[in-house]
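K.L.:
Okay, here's the prediction I keep looking at, along with the sequence it came from:
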Amino acid sequence: MGALIARYEKGEMPARYSTRASYRSFIDRYIRKRWADTAIPKVKAMAVEDWLKRLPLAPKTLGHIKTLMSTLFKCAQRWGLVQNNPMKLGRVEDVSKRLERPSVLTAEEFHGLLAHVREPYRTMLLIAGCLGLRAGEIVGLQWPDFDFDKLTLLVQRGVVHGREWAA
């Protein structure tokens, strides 16, 4: 698996910076530590499923790691290293499902929260809560994005991992 991971990193990593950074983090922090010394045929769906269940991560993050493992095996198939992708077996794909219903603040709770947050974070929180923007989209806002006459806001850039992107 270590050689498969290295070959994937060298020639198959996505070009988009934020995706590349996330994949690199998942590989370095989790996948390589657990699987690098394992022979590819020894990686089985149940073993991956059990490993993922033991990781203290959010279901969505576990889903991203599982998807990256599947991507590694798709590359291995393309390169003729394996016949089948073990990530397609078992219940491995179920790990990304939300375990609990997210809690949603009432208007009163949100207003109470604002009273405890100082600027500029208070304004950012207000924008996020009222407009549903992500933190990176808020950081990317500039004055020309606001049209006060038409009461509109144009989200045309954001900041992810310290890098600006254009919509």
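P.N.:
Arrived safely, thanks for sending.
K.L.:
Domain parsing of this structure, as residue ranges.
P.N.:
2-96, 107-166 (automatic domain parsing).
K.L.:
got TSV for the ones you listed, with mean neighbour count too?
P.N.:
All C-beta atoms are positioned from the backbone trio N, CA, C, and that covers glycine. Supplementary listing: the domains of the chain in TSV, determined by neighbours: other C-beta atoms under 10 Å:
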stretch	mean neighbour count
domain 2-96	15
domain 107-166	12
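K.L.:
Present these as TSV; the columns should include mean pLDDT.
P.N.:
Below are the domains of the chain laid out as TSV (pLDDT from 0 to 100):
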stretch	mean pLDDT
domain 2-96	90
domain 107-166	93
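K.L.:
how near is residue 110 to residue 138?
P.N.:
Separation of residue 110 from residue 138 (C-beta to C-beta, to the nearest Å) stands at 16 Å.
K.L.:
Sorry, wrong one. I was asking about residue 161.
P.N.:
15 Å.
K.L.:
In this protein, mark out all the helices, start to finish.
P.N.:
2-11, 17-26, 32-35, 45-54, 59-78, 107-114, 121-131, 135-139 (DSSP state H).
K.L.:
which helices and strands sit right next to the longest one?
P.N.:
Think helix 59-78. helix 2-11, helix 17-26, helix 45-54 (3 or more C-beta pairs under 8 Å, 6 or more residues apart in numbering; DSSP states H and E).
K.L.:
Next: the shortest one.
P.N.:
If contacts are counted by 3+ C-beta pairs under 8 Å, 6+ apart, helix 32-35 sits against helix 2-11.
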